[in-house]
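S.K.: I need the structure of the sequence given here:
(chains A, B and C)
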Amino acid sequence: MNMDASATLLSSGSGGRGLHRFANPGRFLRLSGKVLPWLAAFALVLTLIGLGWGLFFAPADWQQGDAVRIMYIHVPAAWLASSGYLGLAICSVLSLVWRHPLADLAAMEIGPVGAGATFLCLATGSLWGKPMWGAWWVWDARLTSVLVLFFLYLGHIALVRAFDSPERGARAGAILALVGVVNLPIIKFSVDWWNTLHQPASISFTGSPTMYVGMLWPLLFSALGMTFGFAAIVVARTRAGVMERRIRGLLLARAQQEAGARLEAAAS
Amino acid sequence: MTHLTYISAAYGLAVVVAGWFAVDAWLRMGRARKRLAAIDPRARR
Amino acid sequence: MMTRKRRRLIVLLVCGLGLGSAAGLSLWALSSDVAFFTSPTELVQHPPGPDRVFRLGGLVEAGSVKRGDAGGKPTASFRVTDGAATVAVNFVGLLPDLFREGQGIVALGSLAPDGSFRAQEVLAKHDETYMPKEVAEALKKSGHWNPEKGAPPPASTWNTMAVPAKDAKADDTKAGG
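M.R.: Below is the predicted model of the structure:
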């Protein structure tokens, strides 16, 4: 209650709807503080199991040999690149329609992490493509659309930080993020709609996975672990973002107070 | 193991990228917590 | 009475619908440019002009590969098929490791006057199946699959197949898989 009251005071300068604006971040800090250690622990354990299994115990592919082990990083990174962007888009809707105060901060923090996952996906894909396909890079629909995703992330990172007012930055970023959602189905279905060098998906909701179980399990462990890791990093960054915003608010309030006191002293 | 250079490059890159993001988030959180505690006595919990 | 939130939501949905259909239509119109390669059938139906560089994609026909040597450089000639049409391909250089009969390939090059394809670069296009050597051997031995002739049988017939233990010490740990 105490915190909410001070928050109301702080935010009254910028926007008005004070109580609502800071009440949620306060609750977020308490809740995320409890969840974060568990997220991080699950992430570490599951990823280590998945990658260790994939690297040392899973069978090699009959024609790709051991190069197939790059899959245990490449595929989870690719899934996270797309689902991270979906998270960014959901935050953008919450921000644009409901003006949710946490959504802006979360979107700002998802951007760099998603860009990191997309970079990892592109780089490991390149390292896989050279020995298997015979090329580091080709301009087929799948590779190009994932590169566009990477640029969308970079654009979002730059745009949300380009304005003096964080609110305007968040709004511009949210619009860019939502326009970019068009790219997600293109990435997913590029390998089905057009002919590409990249192979179609091995794991689908409808059919049996075209992958041996001994390779599927480590992939699932690694994907689950890396998803937890992505979430843990985003939560940690958002916690930092919430605290940093509160610091800015407090410093601003203190400066205003001091200026006010000085004015009063001068007048009397 | 076949294609060892490609595999170790991919795994090494994953460790570097993930590690960098994790350490950066951790340090940033610690800095913000300390700073907040210094200027807002009520935030000390 | 419409609240502001509701109005913003509707504006967003309408914008999304417009943007989505615009993107869909333009991709539809551009679909032939988005395609990475031309199939042998498309090549026969709409042959590109001589010396126009394009990508040809398809499967390496079983029994068609002839490897040679031209002044110290490896050469290969083979036929690429999509089931309906077939194109002869000539290539000088190193083929990717995954190149084999029955494998998908994408070759960059142009048509020679005799209608064959002169490749400057050959890339291997593997499919979405991943299986251990033992499973592939078992499928080949039982006659369910000849990798040179086409795609493997439905995944559900092999993706949980028990792998015959080849060396015991490596297999102990992956029994749970």
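
S.K.: Can you pull the phi/psi pair for the residue nearest the centre of chain C?
M.R.: Centroid-nearest residue in chain C: C:Lys125, 3.9 Å away (criterion: C-alpha atoms, centre = their mean). C:Lys125 has phi and psi values of phi -120, psi 100 when expressed as degrees, to the nearest 10.

S.K.: Please list all residues in contact with the nearest residue to it once chain neighbours are set aside.
M.R.: Leaving aside its sequence neighbours, C:Lys125 sits nearest to C:Gly104 (C-beta to C-beta, 6 or more residues apart in numbering or on different chains; 3.8 Å). In this view, the C-beta of every residue, glycine as well, is placed from N, C-alpha and C. Contact analysis of C:Gly104 by C-beta atoms under 8 Å, 6 or more residues apart in numbering or on different chains lists C:57-60, C:124-127.

S.K.: For these, work out which two are farthest apart.
M.R.: Pairwise distances across the contacts of C:Gly104 (C-beta to C-beta) peak at 14.0 Å, for the pair C:Gly58 and C:His126.

S.K.: neighbour count winner among these two?
M.R.: Counting neighbours by other C-beta atoms under 10 Å in any protein chain shown for C:Gly58 and for C:His126 shows that C:Gly58 has the greater number, 27 against 20.

S.K.: Following the chain onward from the strand or helix carrying that one, which element is next?
M.R.: For C:Gly58, the host element (DSSP states H and E) is strand C:54-60. Where DSSP H and E defines the elements, the next helix or strand beyond strand C:54-60 is strand C:66-70.

S.K.: Give the phi and psi angles for the residue nearest to C:Lys125, as a check.
M.R.: Phi and psi for C:Gly104, reported as degrees, to the nearest 10, are phi -80, psi 140.

S.K.: partners of it in the sheet?
M.R.: For C:Gly104, the beta-bridge partners are C:Leu59, C:Lys125 (DSSP bridges).

S.K.: try the one 4 residues further on
M.R.: Beta bridges link C:Leu108 to C:Arg55, C:Glu121 when assigned by DSSP bridges.

S.K.: Show me the longest helix that occurs in chain C.
M.R.: Longest helix of chain C, by residue count under DSSP state H: helix C:4-34.

S.K.: so what secondary structure elements neighbour it?
M.R.: Using 3 or more C-beta pairs under 8 Å, 6 or more residues apart in numbering or on different chains; DSSP states H and E, the elements in contact with helix C:4-34 are helix A:71-98, helix A:166-180, helix A:183-193.

S.K.: Name the residues of it that are buried.
M.R.: Residues of helix C:4-34 classed as buried: C:9, C:12, C:23, C:27, C:34 (neighbour count, 16 or more other C-beta atoms under 10 Å in any protein chain shown).

S.K.: ok so, going back, which one among the contacts of C:Gly104 gets closest to A:Leu154?
M.R.: Lowest distance from A:Leu154 to these (C-beta to C-beta) belongs to C:Lys125, with 29.5 Å.

S.K.: can you pull the contacts of that closest one?
M.R.: So C:Lys125 contacts A:133, A:197, A:199, C:57, C:103-106 (C-beta under 8 Å, 6+ apart).

S.K.: can you put those residues in TSV and add pLDDT?
M.R.: Shown next, in TSV, are these (pLDDT from 0 to 100):
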residue	pLDDT
A:Trp133	94
A:Leu197	93
A:Gln199	91
C:Gly57	94
C:Gln103	92
C:Gly104	93
C:Ile105	94
C:Val106	95
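
S.K.: Looking at the helices and strands packed on helix C:4-34, which one is packed in the most?
M.R.: A comparison of the helices and strands packed on helix C:4-34 by mean neighbour count, using mean count of other C-beta atoms under 10 Å in any protein chain shown, puts helix A:71-98 on top with a mean of 22.

S.K.: Next, the angle from that helix to helix A:183-193.
M.R.: Angle of helix A:71-98 versus helix A:183-193, following axes from the mean of the first three to the mean of the last three C-alpha atoms, to 10 degrees, is 140 degrees.

S.K.: by how many degrees do helix A:71-98 and helix A:166-180 diverge?
M.R.: Counting by the same axes, to 10 degrees, helix A:71-98 points 120 degrees away from the direction of helix A:166-180.

S.K.: Any part of the helix or strand just after helix A:71-98 near chain B?
M.R.: Using DSSP H and E, the helix or strand that directly follows helix A:71-98 along the chain is helix A:101-132. Yes: interface with chain B: helix A:101-132 contributes A:112-113, A:116, A:119-120, A:123-124, A:127-128, A:130-131 (C-beta under 8 Å from any C-beta of the partner chain).

S.K.: and those residues as JSON lines, adding pLDDT?
M.R.: Converted to JSON lines, those look like this (pLDDT from 0 to 100):
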{"residue": "A:Pro112", "pLDDT": "97"}
{"residue": "A:Val113", "pLDDT": "97"}
{"residue": "A:Gly116", "pLDDT": "97"}
{"residue": "A:Phe119", "pLDDT": "98"}
{"residue": "A:Leu120", "pLDDT": "97"}
{"residue": "A:Ala123", "pLDDT": "97"}
{"residue": "A:Thr124", "pLDDT": "97"}
{"residue": "A:Leu127", "pLDDT": "96"}
{"residue": "A:Trp128", "pLDDT": "95"}
{"residue": "A:Lys130", "pLDDT": "94"}
{"residue": "A:Pro131", "pLDDT": "93"}
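
S.K.: now, which of those residues sits nearest chain C?
M.R.: The closest of the residues of helix A:101-132 next to chain B to chain C turns out to be A:Pro131 (C-beta to the nearest C-beta; 6.8 Å).

S.K.: And for that closest one, the neighbour number?
M.R.: Residues lying near A:Pro131 (other C-beta under 10 Å) number 21.

S.K.: just the helices in chain B please.
M.R.: B:4-39.

S.K.: remind me which residues of it are low pLDDT?
M.R.: Low-confidence segments of chain B, defined by pLDDT under 70: B:41-45.

S.K.: at 50 instead, please
M.R.: Low-confidence segments of chain B, defined by pLDDT under 50: B:44-45.

S.K.: which parts of it sit against chain A?
M.R.: Neighbours of chain A within chain B, by C-beta under 8 Å from any C-beta: B:1-4, B:6-7, B:9-11, B:13-14, B:17-18, B:21-22, B:25-26, B:28-29, B:31-33, B:35-36, B:39-40, B:42-43.

S.K.: can we see that at 10 Å?
M.R.: Residues of chain B lying close to chain A by C-beta under 10 Å from any C-beta of the partner chain are B:1-11, B:13-18, B:20-22, B:24-40, B:42-43, B:45.

S.K.: Buried only: go through these for me.
M.R.: Here, 16+ other C-beta under 10 Å leaves B:3, B:6-7, B:9-11, B:13-14, B:17-18, B:21-22, B:25, B:28-29, B:32-33, B:35-36, B:40, B:43 buried among the residues of chain B next to chain A.

S.K.: can you tell me which of those are up against chain C?
M.R.: Answer for those near chain C (C-beta under 10 Å from any C-beta): B:His3.

S.K.: Just checking, which helix or strand of chain C averages the lowest pLDDT?
M.R.: When the helices and strands of chain C are compared on mean pLDDT, DSSP states H and E, helix C:168-171 comes out lowest with a mean of 42.

S.K.: What residue in chain C comes nearest to chain B?
M.R.: Closest point on chain C to chain B, by C-beta to the nearest C-beta, is C:Asp97, at 9.0 Å.

S.K.: Tell me the secondary structure at that residue.
M.R.: Taken by DSSP: H, G, I helix; E, B strand; the rest coil, the conformation at C:Asp97 corresponds to coil.

S.K.: Centre of the chain to the stretch of helix or strand A:Pro218 belongs to, how far?
M.R.: Using DSSP H and E, A:Pro218 sits within helix A:213-267. With C-alpha atoms, centre = their mean, to the nearest Å as the basis, helix A:213-267 stands 14 Å off its chain's centre.
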